[in-house]
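> Would you be able to build a 3D model of this:
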Amino acid sequence: MSPVLLAGIAGLALLDALNPATIAGVALLLLSPSRRPVTAAALFALGAYTAVLALGVVLLVGADVAAGVITDAMTWLRRAALLLGAGSLVVAGVRRFRTRTRTAVVLPAWVSVRTAVPLGVVVTGADLPNAFPYFLAVERLVTAGVHTGQALLVLAAYALIYCLPCVVLVVLGAAFGGKVRPRLDGLYARLGAEKAVPANVGLGVLWLLLACGVVLLAFLW
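Numbering: from 1, shown residues only. Down below sits the predicted model:
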């Protein structure tokens, strides 16, 4: 497998790892008054890992099947990945034209050590349709003709990198306990608390221009 391909996929995974909802969920669990907050946060991260890896397996198998039955399947897979990214940029751009209130990430009443894994799956799974880098990473693996076994190992590593910020928070929570609570409070306030997001026309126009560029790339590449 090409080192350049692996480096590119690792870069996509690092970009994808900046998932506010998942990171805020781990921070909330570490801040929660439950009897085993670190264990719950670790299991939540495990649920997030499971959701990401499961999606990768589904996409990889689906792409392999499509490649066998659809003419120019790889071309259409690439276009679909890029168009999905363009759609995400359009939504982000339109949102920046007006002031809006970001919904807070909150823990449901039923959350516990026993339910932390499914909660991680649900929270992460809800955001995966916006995971443009992941779709592109799978497309790169399929287009490069990487053997299924190797591709699955790469996707397992991708999911681990995706969860890396969560793992770091869990390790810090286990090692330093209450000493990191102020930092976690600040992290949650930045990423997960309800917040008024002011309009930014310049940024909105930039996102829309980038979306146009991605659409052009989808049909010219």
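> Next, the buried residues of the helix or strand of the chain with the lowest mean pLDDT.
Within the chain, confidence by mean pLDDT, DSSP states H and E is lowest for helix 73-95 among all helices and strands, at a mean of 78. Across helix 73-95, burial judged by 16 or more other CB atoms under 10 Å covers 73-74, 77-79, 81-90, 92-93, 95. Heads up, the C-betas are built off the backbone N, CA and C, glycines and all.
> Same question for stretch 36-54.
37-38, 40-53.
> Please narrow the residues you listed to those residing in helices.
Mapping those onto helices (DSSP state H) picks out 37-38, 40-53.
> between those residues, which is nearest G8?
Nearest to G8 among those is V52, at 17.8 Å by CB to CB.
> Strands along this structure, start to end?
For the chain, the strands defined by DSSP state E cover 100-102, 195-197.
> Contacts for the first one, please.
So the one you mean is strand 100-102. For strand 100-102, contacts defined as CB atoms under 8 Å, 6 or more residues apart in numbering pick out E194, K195, A196, V197.
> and which of the residues you listed is nearest to G62?
Distance to G62, by CB to CB, is smallest for V197 among the contacts of strand 100-102, at 35.0 Å.
> burial count for the closest one?
12 (other CB atoms under 10 Å).
> Tell me how far it lies from V106.
To V106, V197 is 18 Å away according to CB to CB, to the nearest Å.
> Double-check L128 against V122; I have them as touching.
No: under the criterion of CB atoms under 8 Å, L128 makes no contact with V122, lying 10.8 Å away.
> ok so, going back, which secondary structure elements does the least confident helix or strand of the chain sit against?
Applying 3 or more CB pairs under 8 Å, 6 or more residues apart in numbering; DSSP states H and E, one finds that helix 73-95 makes contact with helix 37-69, helix 132-143, helix 201-220.
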